[in-house]
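Engineer: below are the sequence and a predicted model for it; my questions follow.
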Amino acid sequence: MVSRTKFVEQGRRVSKKWSEALMVLSGPWLFLYRDTKAAIPKASCPYGKPEARFHVQQLVVTDATGEDTSRKSVLKLEADVLEGSKTAYLVQLPENVFYSWKAAFRYAKEILVRSCLSFNGLLSRFIQCFVRPVIDHSVLLSEVNLTDATTMGTLCQLILCQEGCNRLHLLPSVYPFVRTHTTDLPRPPSKLDTSLVAKMRDFFRTRPSAESLRARGILKNEPVFASTLVQICENEKSEVPRFIACAIRAIEARAVYGTRDRAGAKVQPSPQLSTGSKWQSTVARLIVIRDLSFLFLCSFVRPRYPNISHISSGLDHLGLYRISANASEVQKLRCCVNQYNYSLNSEKWSLDVLAGGLKLFFRELKEPLFTFELFPKLKKLFGNKSDEASTLTSMQEMISSMPGPHIATARVLFHHLFRVLKHSEVNQMHAHKLAIVFGPNLIRSDTEMEHLGMLTAIQAPCVDFCLKHIVELFGPVVPPPVVV
């Protein structure tokens with residue numbers, strides 16, 4: 001984007017009105033657009049709707065002087081649109097591209113001049129070999145200034161017209177030569193060229209949808225992420241995706257080291273102890289009764305780290321699922337899981353990264369946990385404020401109608417969220433916070449756009465209701481399944 005103003009119109013200076021514009025140099029043509037929207041090509045307008053269009057052969061590009069404007073980094077573009085009708089623009093460019101634009105104009109003109117000079121010798125040989133001149137052919141060449149000619153077609157038409165005027169007589173062998181070399185001269189694009197350019201631009205600017213690429217077999221689902229629960233469970237021959245069970249177990253088994261201040265209050269662990277300790281990976285791999293493991297670790301670790309006063313599980317992590325993890329680390333986790341590497345107890349994966357990966361898994365499912373078919377029913381159920389008993393009955397019917405992998409995965413997930421909720425006094429993740437975090441990831445429509453109104457009206461209330469009636473909907477709370 002540049003700042004431009006019209007400086008001269010029809011040979012007369014006009015008052016300057018600076019405004020933003022888009023300047024595009026495409027081949028031998030310079031276009032000025034009001035905005036980027038006007039530059040979008042269409043079938044009827046291959047070059048969009050430019051405010052002004054100039055051929056570089058018509059342009060005289062110079063630096064604007066102090067008499068023209070007080071602004072810096074300004075180019076003055078002068079062009080004779082018609083004979084005696086002079087138009088000039090002042091264009092202010094960013095300083096970092098000012099000299100680049102000057103070089104671009106210079107190169108565009110040099111390319112045209114070289115092409116015209118090469119055709120000058122071509123035309124001379126053409127006349128000497130194929131034309132019987134009534135007058136000397138050098139007279140004709142002196143009358144035709146190739147650098148001022150705009151099209152190859154114009155030159156050929158000039159030669160053909162001379163035949164009718166008895167100035168030149170063309171032999172029959174001339175016509176194939178003319179047809180063969182008419183594309184060698186630089187010229188403004190014809191209507192055929194502009195339509196071709198528009199099609200090529202549309203081809204490169206638009207790309208097929210993911211659905212069409214997937215239907216053609218070019219784009220395939222990832223092994224774990226961005227797939228469907230049914231497909232994942234069929235590939236793994238399990239009821240619940242292995243990543244879900246491993247991630248939940250890793251989060252709940254992760255040890256968090258904490259200290260106390262002078263008043264005796266618990267203090268959040270330092271990053272060095274919570275993510276970089278050599279004992280963290282060992283603790284995370286213990287699948288034993290939590291209380292016994294904590295007693296053992298407290299007696300073993302405290303002598304080495306005197307400032308450690310207590311060790312808790314990952315469920316006590318402050319802001320679990322609410323704090324966003326590093327996006328690049330989450331993508332690294334995604335790549336590892338897609339390669340069937342389920343070593344999630346490694347110390348390189350922090351609690352926030354594991355929680356972010358779990359949310360990303362549900363967010364990118366092709367079919368959400370609560371299937372697309374249930375969305376209209378959920379919208380009607382939670383849109384109309386009905387009594388709690390009827391809502392519970394309807395939710396039980398809808399959950400039982402889901403596919404088997406969806407029911408089993410929902411049971412494991414909500415049991416885990418209920419255990420997170422039981423530690424809300426420490427992690428500060430109450431039911432409404434968990435509902436806001438997981439609502440958009442578990443419930444969505446395949447047609448309607450997600451917005452804040454849908455979150456507050458359908459998604460969050462549904463997750464909140466499931467957490468409050470966890471036993472009625474998903475049975476007694478049990479630990480996550482063990483992955484072999």
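Structural biologist: Noted; the coordinates are in hand.
Engineer: if I look at residue 231, how far off is residue 354?
Structural biologist: For residue 231, the distance to residue 354 equals 23 Å [C-beta to C-beta, to the nearest Å]. In short, each C-beta sits where N, CA and C put it, glycine included.
Engineer: which of those two has more residues huddled nearby?
Structural biologist: Each of residue 231 and residue 354 has its neighbours counted (other C-beta atoms under 10 Å); residue 354 has more, 26 against 16.
Engineer: quick check: the more buried one touching residue 253?
Structural biologist: No. Residue 354 sits out of contact with residue 253 when judged by C-beta atoms under 8 Å, with a separation of 10.8 Å.
Engineer: find me whatever residue is spatially closest to residue 423, sequence neighbours aside.
Structural biologist: residue 315 (4.4 Å; C-beta to C-beta, 6 or more residues apart in numbering).
Engineer: from residue 431, how far out is that neighbour?
Structural biologist: The gap separating residue 315 from residue 431 is 15 Å, by C-beta to C-beta.
Engineer: equivalent analysis for residue 86, please.
Structural biologist: Residue 86 is 74 Å from residue 431, by C-beta to C-beta.
Engineer: give the residue spans of the stretch 1-150 of the chain that score low on pLDDT.
Structural biologist: Under the criterion pLDDT under 70, the flagged ranges of the stretch 1-150 of the chain are 81-84, 113-150.
Engineer: just the helices in it please.
Structural biologist: Along the stretch 1-150 of the chain, counting by DSSP state H, counting those that start in this stretch, helices occupy 98-130, 137-143.
Engineer: what is the burial count for the nearest residue to residue 372 once chain neighbours are set aside?
Structural biologist: Distances taken as C-beta to C-beta, 6+ apart put residue 446 closest to residue 372, at 4.6 Å, once the chain neighbours are dropped. By other C-beta under 10 Å, 11 other residues sit near residue 446.
Engineer: ramachandran coordinates for residue 446?
Structural biologist: With angles defined as degrees, to the nearest 10, residue 446 sits at phi -90, psi 0.
Engineer: that one touches residue 371, doesn't it?
Structural biologist: No. Residue 446 lies out of contact with residue 371 (C-beta under 8 Å); the separation is 9.6 Å.
Engineer: for residue 252, list the residues it contacts.
Structural biologist: By C-beta atoms under 8 Å, 6 or more residues apart in numbering, residue 252 lies in contact with 313, 314, 315, 416, 419, 480.
Engineer: doesn't it fall inside a strand?
Structural biologist: No. Residue 252: not assigned to a strand; according to DSSP: H, G, I helix; E, B strand; the rest coil it is helix.
Engineer: what secondary structure does residue 238 sit in?
Structural biologist: With three-state DSSP as the criterion, residue 238 reads coil.
Engineer: give me the local confidence score for it.
Structural biologist: We have a pLDDT of 90 for residue 238.
Engineer: swap in residue 393?
Structural biologist: For residue 393, the predicted pLDDT is 92.
Engineer: so which helix or strand takes in it?
Structural biologist: Using DSSP states H and E, residue 393 sits in helix 388-400.
Engineer: contacts for that helix next, please.
Structural biologist: The contact list for helix 388-400, computed with C-beta under 8 Å, 6+ apart, reads 370, 374, 377-378, 381-382, 407, 410, 465-466, 469, 472-474.
Engineer: kindly recompute the last result at 6 Å.
Structural biologist: By C-beta atoms under 6 Å, 6 or more residues apart in numbering, the list of residues contacting helix 388-400 from outside reads 374, 377, 381, 469, 472, 473.
Engineer: got a quick ChimeraX command for the buried subset of those residues?
Structural biologist: To isolate the buried ones among the contacts of helix 388-400 in ChimeraX, judged by 16 or more other C-beta atoms under 10 Å, type:
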select :374,381,469,473
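Engineer: which one of the contacts of helix 388-400 is nearest residue 427?
Structural biologist: In terms of C-beta to C-beta, no member of the contacts of helix 388-400 lies closer to residue 427 than residue 469, at 21.7 Å.
Engineer: the stretch 201-350 of the chain: helices as residue ranges?
Structural biologist: Secondary structure of the stretch 201-350 of the chain by DSSP H, counting those that start in this stretch: the helices cover 210-215, 229-236, 242-253, 271-275, 278-284, 290-301, 327-338.
Engineer: ranking these by mean pLDDT, which is last?
Structural biologist: helix 271-275 (a mean of 38).
Engineer: next SSE after the helix holding residue 393?
Structural biologist: Downstream of helix 388-400, the next assigned helix or strand under DSSP H and E is helix 404-422.
Engineer: give me the buried positions along stretch 381-396.
Structural biologist: Across stretch 381-396, burial judged by 16+ other C-beta under 10 Å covers 381, 382, 391, 394, 395.
Engineer: ok, those residues vs residue 2, which is closest?
Structural biologist: Ranked by distance to residue 2 (C-beta to C-beta), these are led by residue 382 at 52.3 Å.
Engineer: quick one: that closest one is in a helix?
Structural biologist: Yes. Assignment of residue 382 by three-state DSSP places it within a helix.
Engineer: next one, pLDDT for it please.
Structural biologist: The per-residue pLDDT reported for residue 382 equals 86.
Engineer: now do the same contact list for it.
Structural biologist: Contact partners of residue 382, counting by C-beta under 6 Å, 6+ apart, are 458, 461, 462.
Engineer: out of those residues, list just those in helices.
Structural biologist: Those of these mapping onto helices are 461, 462, per DSSP state H.
Engineer: still on that earlier bit, more crowded one of residue 315 and residue 431?
Structural biologist: residue 315 (23 against 19).
Engineer: residues in contact with the more buried one?
Structural biologist: Shown in contact with residue 315 (C-beta under 6 Å, 6+ apart): 252, 419, 420, 423.
Engineer: tell me the contacts of the second one?
Structural biologist: Right, residue 419. When the contact criterion is C-beta under 6 Å, 6+ apart, the partners of residue 419 are residue 315.
Engineer: ok, now how distant is it from residue 23?
Structural biologist: Shown here: residue 419 relative to residue 23, a distance of 61 Å by C-beta to C-beta.
Engineer: repeat that for residue 80.
Structural biologist: Using C-beta to C-beta, one gets 20 Å for the distance from residue 80 to residue 23.
Engineer: show me which of those two is the more surrounded one.
Structural biologist: More crowded of residue 80 and residue 23, by other C-beta under 10 Å: residue 23, with 19 against 14.
Engineer: neighbours of the nearest residue to residue 26 once chain neighbours are set aside, how many?
Structural biologist: Nearest residue to residue 26, sequence neighbours excluded (C-beta to C-beta, 6+ apart): residue 47, at 7.6 Å. Neighbours of residue 47 under the rule other C-beta under 10 Å: 20.
Engineer: same check, this time on residue 327
Structural biologist: 11.
Engineer: residues contacting it?
Structural biologist: Residue 327 neighbours (C-beta under 6 Å, 6+ apart): none.
Engineer: repeat that for residue 38.
Structural biologist: Residue 38 sits next to 48, 49 when contact means C-beta under 6 Å, 6+ apart.
Engineer: likewise residue 373?
Structural biologist: For residue 373, no residue meets the contact criterion (C-beta under 6 Å, 6+ apart).
Engineer: ok, it to residue 79 distance?
Structural biologist: 63 Å.
Engineer: which positions in stretch 95-104 come out as buried?
Structural biologist: 98, 101.
Engineer: show residues contacting that stretch.
Structural biologist: Against stretch 95-104 from outside (C-beta under 6 Å, 6+ apart): 25, 73, 93.
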